[in-house]
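**Q** here is a sequence with its predicted model. Questions after.
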Amino acid sequence: MMNPQLLQDLVTQRMPFGKYKGRLLCDLPEPYLVWFHQEGFPPGKLGQQIATLYEIKLNGLEYLLKPLKNKSGY
């Protein structure tokens, strides 16, 4: 079962490091997510968030995030 807070976090939290530091997690480009998938996701909550976003984008489910992003004002 998907945790709704996890989806909300994807549209409100920003990448804390790296090339895309400061970008909303939901706006990370797919090649960057694929790189993480190949190299390994970071430990902890951030890794879970990035792995979830990878699966969302891999399966063409970004539309699930759009209403949440609009609602959050980002």
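**A** That came through fine. Every value quoted in this text rests on a predicted model; they were computed, and no experiment measured them.
**Q** for the rest of this, base every contact and every neighbour count on C-alpha atoms.
**A** Noted.
**Q** let me know the average pLDDT across stretch 66-74.
**A** Confidence over stretch 66-74, taken as the mean pLDDT, stands at 78.
**Q** oh sorry, the question was meant for stretch 6-22
**A** If you average the pLDDT values across stretch 6-22, you get 94.
**Q** what comes up buried for that stretch?
**A** Buried residues in stretch 6-22, counting neighbours by 16 or more other C-alpha atoms under 10 Å, are found at Leu7, Gln8, Asp9, Leu10, Val11, Thr12, Arg14, Met15.
**Q** so which of these belong to helices?
**A** Leu7, Gln8, Asp9, Leu10, Val11, Thr12 (DSSP state H).
**Q** and the first one, what is it in contact with?
**A** To tie it back to what came earlier, the one meant is Leu7. Leu65, Leu68 (C-alpha atoms under 8 Å, 6 or more residues apart in numbering).
**Q** and if you look at the third one?
**A** For Asp9, the contact set (C-alpha under 8 Å, 6+ apart) comprises Gln49.
**Q** ok, now the last one?
**A** Going by C-alpha under 8 Å, 6+ apart, Thr12 touches Leu24, Leu25, Lys69, Ser72, Tyr74.
**Q** could you list the buried residues of the helix or strand where the third one lies?
**A** Assigned by DSSP states H and E, Lys69 belongs to helix 66-72. By neighbour count with 16+ other C-alpha under 10 Å, helix 66-72 contains the buried residues Leu68, Lys69.
**Q** related to what we said a few turns ago, redo the contacts of Thr12 as JSON lines? Include distance to Pro31.
**A** Formatted as JSON lines, these follow (distance: C-alpha to C-alpha, whole Å):
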{"residue": "Leu24", "distance to Pro31": "15"}
{"residue": "Leu25", "distance to Pro31": "13"}
{"residue": "Lys69", "distance to Pro31": "21"}
{"residue": "Ser72", "distance to Pro31": "25"}
{"residue": "Tyr74", "distance to Pro31": "22"}
